[in-house]
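K.L.:
need the 3D shape of this:
(one chain, ligands or ions: 2)
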Amino acid sequence: MHDLKDELRKAGLKARDGIDPAAREQFANRLAEVGPRLVFDFRRAGEPPVVSLFSPIGSEPGMLPLARALNAAGVRLVLPVDWSHGSPLVYRSWDPEDRLSVGPLGIREPVEHAPELEPDVLFIPASVFDRRGFRLGYGAGNVDRTLRALRARKTIRAIGVAYAVQEHMLVPTESHDEPLDVVVTDHDILFCAKPRQ
Ligand SMILES: Nc1nc2c(c(=O)[nH]1)N(C=O)[C@@H](CNc1ccc(C(=O)N[C@@H](CCC(=O)O)C(=O)O)cc1)CN2
Ligand SMILES: Nc1ncnc2c1ncn2[C@@H]1O[C@H](COP(=O)(O)OP(=O)(O)OP(=O)(O)O)[C@@H](O)[C@H]1O
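P.N.:
Numbers count the residues shown, from 1 in each chain. Ligands and ions are numbered 1, 2, ... in the order given. Prediction:
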């Protein structure tokens, strides 16, 4: 199972690495167009949701246009920090104009004194995904752990962000895999059906 996941992960990352810079920028702008609707559809009334984005690494798409659009709409933004094996991610508050520091993995993250805040809507990168919402990341299991912990407490919306070329018919799953609710690609917005209980 793990060899199969590793092979798929590699193929998905290779496909993403092959996206040219113009298409990458186009996708970042598309995320800024469709992202706010996916956030506000989720929670129409009351406090605006807390939304987590990510600081792109490798060939992950840019998040800055989306961050600015959400910030302008009054949404509180957070980014993951303190990544360590075997635990859910911790998120700290961030404003697109704020300076970021560089974390232990070389990923840019909010400075240490930024307040910790739990997201309601999460934009999540993937190396591969399928239409049921199953995905693979970098193989550490942190996203799965995070989604499981949040879902045990409240209703969240997990939005995968990936290029259409990263789709696989059926991503192999294990009992710890937590599906996405929506996947946004450079071509589509896929709403994933809830699996039968
Ligand atoms: N941008 C971003 N931030 C994130 C995540 C993510 O997937 N993307 N994470 C989601 O959980 C957490 C960090 N977890 C990570 C776990 C493993 C690797 C990793 O193995 N990276 C590859 C190199 C990736 C590349 O540069 O293309 C490596 O070290 O070989 C990276 C992040 C929190 N922040
Ligand atoms: N409760 C758990 N949640 C997630 N992963 C777990 C859990 N318990 C053990 N693991 C292990 O952690 C690793 C996660 O692998 P998997 O291929 O699902 O990661 P991934 O989905 O690519 O990672 P991520 O969720 O960080 O994006 C596996 O080795 C798995 O066996």
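K.L.:
now that we're looking at the residue in the chain positioned nearest to ligand 1, what pLDDT does it have?
P.N.:
With distances taken as CB to the nearest ligand atom, the chain approaches ligand 1 most closely at residue 58, which sits 2.5 Å away. C-beta coordinates here come from the backbone N, C-alpha and C atoms, glycine included. Note on residue 58: pLDDT of 95.
K.L.:
that one reaches residue 13, doesn't it?
P.N.:
Yes. Counting by CB atoms under 8 Å, residue 58 does reach residue 13; the two are 7.3 Å apart.
K.L.:
those two: which is more packed in?
P.N.:
Higher neighbour count among residue 58 and residue 13: residue 13, with 19 against 10, using other CB atoms under 10 Å.
K.L.:
mind checking what secondary structure that one has?
P.N.:
Using DSSP: H, G, I helix; E, B strand; the rest coil as the criterion, the local structure at residue 13 reads helix.
K.L.:
what sits against residue 76?
P.N.:
With contacts defined as CB atoms under 8 Å, 6 or more residues apart in numbering, the neighbours of residue 76 are 48, 50-51, 93, 117.
K.L.:
give me the phi and psi for it.
P.N.:
Reported as degrees, to the nearest 10, the phi and psi values for residue 76 are phi -80, psi 130.
K.L.:
who's the residue lying closest to residue 184 once chain neighbours are set aside bridged to?
P.N.:
Closest residue to residue 184 apart from its sequence neighbours, by CB to CB, 6 or more residues apart in numbering: residue 161 at 5.6 Å. Per DSSP bridges, the residues bridged to residue 161 are residue 125, residue 184.
K.L.:
now, the contacts of residue 76 that are in helices?
P.N.:
Residues from the contacts of residue 76 lying in helices, with DSSP state H as the criterion: none.
K.L.:
dump the residue contacts of the nearest residue to residue 48 once chain neighbours are set aside.
P.N.:
Residue nearest to residue 48 in three dimensions, not counting chain neighbours: residue 75, with 5.0 Å by CB to CB, 6+ apart. Remark: with contacts taken as CB under 8 Å, 6+ apart, residue 75 is in contact with 36, 39, 48-51.
K.L.:
quick check: ChimeraX command selecting the buried ones in those residues.
P.N.:
Applying 16 or more other CB atoms under 10 Å to the contacts of residue 75 leaves a buried subset, and the ChimeraX line that selects it is:
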select :36,39,49,50,51
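K.L.:
tell me the one among the contacts of residue 75 nearest to residue 155.
P.N.:
Top of the list for closeness to residue 155, among those and by CB to CB, is residue 49 at 10.3 Å.
K.L.:
isn't that closest one right up against residue 118?
P.N.:
No. With contacts defined as CB under 8 Å, residue 49 does not count as touching residue 118, sitting 10.5 Å away.
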